[in-house]
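Chemist: Prediction below, plus the sequence it came from.
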Amino acid sequence: MKRIFFAFALLIIAKFHAQTWKTDEQYIQKFAPYAVEEMEKYKIPASITLAQGLLETGGGQSRLAQQGNNHFGIKCKEDWTGKTMTHTDDAPNECFRVYNDPRQSYEDHSKFLAYRPFYVNLFKLDMMDYKSWAHGLKKAGYATNPKYAYILIDKIEKNRLYEFDKSSSGEVLYAVLRMYPDLKNDRIFMAQLDQSRSSSNPVTVKVPYEQVSYAKQQQNVEKIVSKAETLNSILIKSHPNDGMKFVIIPDNLDLAAVSKKFGISESRLMKWNELDGTQLKRNDFLFLESKSSSGNVATYKSQVGESMHDIAQKFGIKLKKLYSKNRMDYGQQPQSGQLIYLQSKKPRK
């Protein structure tokens, strides 16, 4: 019972201290775990992420960080469907993203770099080389300040943020304690450390980051870069059948990745495209809105190996309507060369 009460008290205290970062050191102590988690997922050096967070928020004190949990100054852009706030930056009253908590901001920052073509070359760099990453960000156009790279490097070296590039999510609090030994007198921090140590589901990695071979690291980077390039190559097209919006999948992808790119839920995409799974294949048609009840041509001769679903996607017709027009049982497949009716129903014999 005492343990439960202590955990509850810790949560209450943490809530009241959540927005009180007054120095760079306090910011680092609070958000180093987020940066390390993102490093493990997206292969972006934790030192770079933390330095950018420190710079963008002024150590957590910016209006965007305090009111919008936005730690990287990410603007709305055309693909953002979440909450927003206006803030004067390069121009008056610009639109910025608002997050439910800072952790979402950290992950969105990772996705911002991983899924945009401007930053593809960053993921070819050594993850331990924070200087090259800093200069790479500037070269890719992340910031307009000509001294941006040197400012990041200065923050990293002044605060020894490179120490976190050698850490893992299961060890990061110990790394924080080594850097700031006075935290041993901080009851809240030590309670968090104790809770992390005794947790039945600690966040860990199977292989410590420093033991991962460079070849393996490069393989992981190449996968991220390849996926980002594939997603960015997908363009919305207008279908001949009533101009419906659709895309052609350039390579094998998860539906979740396409869902995030276009801000459309997986469930809607599955319903509109009559999908029975979430794996998309190369050259698949994927509609971004509900399909039509009829085709833009009267008939079509099926090709070798084509299914009714293939034909429905090719002509932008709802699958059930296509079966109905051809007086076929749902699930029945056409023979090669069979005449498929796309507008009116097949005449009865």
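Modeler: Done, it's in. As the structure is a prediction and not an experimental result, all values here were calculated from the model. Residues are numbered from 1 along each chain as shown.

Chemist: What confidence value was assigned to the residue nearest to residue 284 when sequence neighbours are not counted?
Modeler: Of all residues not flanking residue 284 in the chain, residue 249 sits nearest, at 4.3 Å (CB to CB, 6 or more residues apart in numbering). Placement of C-beta: from N, CA and C, glycine included. With respect to pLDDT, residue 249 scores 88.

Chemist: tally of neighbours for residue 249?
Modeler: 17 (other CB atoms under 10 Å).

Chemist: can you give me the helices for the stretch 101-250 of the chain?
Modeler: 102-114, 130-139, 148-158, 172-179, 187-198, 214-232 (DSSP state H, counting those that start in this stretch).

Chemist: low-confidence ranges in the stretch 1-150 of the chain?
Modeler: For the stretch 1-150 of the chain, the stretches with pLDDT under 70 are 1-22.

Chemist: In contact with the spatially most central residue of the chain, which residues?
Modeler: For the chain, residue 111 is the residue whose C-alpha lies nearest the centre (CA atoms, centre = their mean; 4.0 Å). Going by CB atoms under 8 Å, 6 or more residues apart in numbering, residue 111 touches 42, 260.

Chemist: Distance from the host helix or strand of residue 37 to the middle of the chain?
Modeler: Applying DSSP states H and E as the criterion places residue 37 in helix 24-42. Offset of helix 24-42 from its chain centre (CA atoms, centre = their mean, to the nearest Å): 17 Å.

Chemist: residues in contact with stretch 87-96?
Modeler: Contacts for stretch 87-96 (CB under 8 Å, 6+ apart): 63, 64, 68, 70, 73, 74, 75, 76, 84, 85, 86.

Chemist: Please tell me how far the third one sits from residue 95.
Modeler: Using CB to CB, to the nearest Å, we find residue 68 at a distance of 11 Å from residue 95.

Chemist: Report the contact partners of the nearest residue to residue 33 once chain neighbours are set aside.
Modeler: Nearest non-adjacent residue to residue 33, counting by CB to CB, 6+ apart: residue 172, 4.9 Å away. By CB under 8 Å, 6+ apart, the residues touching residue 172 are 32, 33, 36, 164.

Chemist: got it, and residue 86?
Modeler: 93, 94, 95, 96.

Chemist: swap in residue 342?
Modeler: Neighbours of residue 342 in contact, by CB under 8 Å, 6+ apart: 294, 295, 296, 297, 298, 299, 300, 315, 317, 322, 325.

Chemist: now do residue 276
Modeler: Counted by CB under 8 Å, 6+ apart, residue 276 has zero contacts.

Chemist: and what of the one 4 residues further on?
Modeler: Residue 280 is in contact with 249, 252, 253, 254, 255, 258, 286, counting by CB under 8 Å, 6+ apart.

Chemist: burial of the residue nearest to the last one when sequence neighbours are not counted, as a residue count?
Modeler: Computed as CB to CB, 6+ apart, the closest residue to residue 286 that is not its neighbour in sequence is residue 247, at 5.2 Å. Applying other CB under 10 Å, we find 18 other residues in the vicinity of residue 247.

Chemist: One more: the one 5 residues further on?
Modeler: A total of 11 residues lie near residue 252 under the criterion other CB under 10 Å.

Chemist: wait, residue 126 sits on residue 136?
Modeler: No. Using CB atoms under 8 Å as the test, residue 126 is too far from residue 136 to be in contact (11.0 Å).

Chemist: Please say which of the two ends up with more neighbours.
Modeler: residue 136 (19 against 13).

Chemist: Would you confirm that the more buried one contacts residue 121?
Modeler: Yes. The pair residue 136 / residue 121 is scored as a contact, 6.5 Å apart, by CB under 8 Å.

Chemist: coming back round to it: pick out whichever of the contacts of residue 86 sits closest to residue 305.
Modeler: Comparing these against residue 305 with CB to CB places residue 95 closest, at 47.8 Å.

Chemist: and the closest one, what element?
Modeler: strand 94-97.

Chemist: So what's the gap between that strand and the chain middle?
Modeler: For strand 94-97, the distance to the chain centre is 18 Å (CA atoms, centre = their mean).

Chemist: Check which residues of that strand are buried.
Modeler: Neighbour-count burial for strand 94-97, counted by 16 or more other CB atoms under 10 Å, picks out 96, 97.

Chemist: Over to stretch 299-308?
Modeler: 300, 302, 306, 308.

Chemist: and this protein, what are its domains?
Modeler: 2-220, 234-287, 299-341 (automatic domain parsing).

Chemist: okay, the ones you listed in JSON lines with distance to residue 348 next?
Modeler: JSON lines is the format used below for the domains of the chain (distance: least, CB to CB, whole Å):
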{"stretch": "domain 2-220", "distance to residue 348": "48"}
{"stretch": "domain 234-287", "distance to residue 348": "26"}
{"stretch": "domain 299-341", "distance to residue 348": "7"}
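
Chemist: I'd guess residue 333 is in a strand, am I close?
Modeler: No. Counting by DSSP: H, G, I helix; E, B strand; the rest coil, residue 333 falls outside a strand, being coil.

Chemist: Would you mind giving me the confidence score for it?
Modeler: So, for residue 333, pLDDT stands at 93.

Chemist: just residue 221 next, same as before
Modeler: Reported pLDDT for residue 221: 48.

Chemist: Ok, the one 4 residues further on next?
Modeler: Per-residue confidence (pLDDT) for residue 225: 49.

Chemist: same thing with the one 5 residues further on?
Modeler: According to the model's per-residue confidence, residue 230 sits at a pLDDT of 69.
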